[in-house]
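**Student:** based on what follows, work out the 3D shape:
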Amino acid sequence: MCPFICNPPTTYTSITGTAGPTGDDAGIAVPIGFTFQYKSQTYTQVWMCTNGFIQLGATGSTAYVNDLASTTITNMVAGFWDDLIASAGQIQYTTTGTAPNRIFIVQFTNVPFLASSSNT
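**Tutor:** Numbering: from 1, shown residues only. Model prediction:
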C-alpha cells in the first residue's frame, strides 16, 4: 500500500528518433490534446524545438540565439533554453488530467548542450 497519493506512471510520447526531429536546430508540431488560449489566441498544438524551447502554434523557430525571446515572438515557452542538441537523450511530451484541468508536459531528458555533449 502506498502511504501517499499513488498515481500510475506517466506515459510520454517521444519526438526524437524515428518519431520526430533529432540533431540541432530542428522542430516538429505536436498536439496538446485540448484548446489553450493565450493572449486572445487559441492553440491546439505546440512547436517543439530540439534547442530546448516550445512555441504555441503549428510552426516556430529553430534558432538558438539568446535574443530570440526578446523579439516579436510572444508565444514562446522556454524553461531552459541554451542551444541544446537532441542527438542524445529524449524530448518527450504528454497530456494529463481531465477537462477543464488538462496539463501539457514537455520533458527534455539527458539532452546535451551543443557546446559540450557531456553536459546534459
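**Student:** how about the longest strand along the chain: buried residues?
**Tutor:** Across the chain, the longest stretch assigned as strand under DSSP state E is strand 27-38. Using 16 or more other Cβ atoms under 10 Å as the test for burial, strand 27-38 gives 27-30, 32-34. (C-beta placed from N, C-alpha, C; glycine too.)
**Student:** next one: stretch 50-63
**Tutor:** 50-56, 60-61.
**Student:** could you single out the nearest of the residues you listed to Phe113?
**Tutor:** Among the buried residues of stretch 50-63, Gly52 lies closest to Phe113 (Cβ to Cβ), at 8.8 Å.
**Student:** shaky segments in the chain?
**Tutor:** Residues of the chain that meet the criterion pLDDT under 70 lie in 1-9, 15-21, 64-73, 79-82, 86-87, 114-120.
**Student:** 80 instead, please
**Tutor:** Low-confidence segments of the chain (pLDDT under 80): 1-25, 51, 61-74, 78-90, 109-120.
**Student:** mind listing the strands for it?
**Tutor:** Using DSSP E, strands in the chain cover 13-14, 27-38, 41-49, 53-56, 76-77, 90-96, 103-109.
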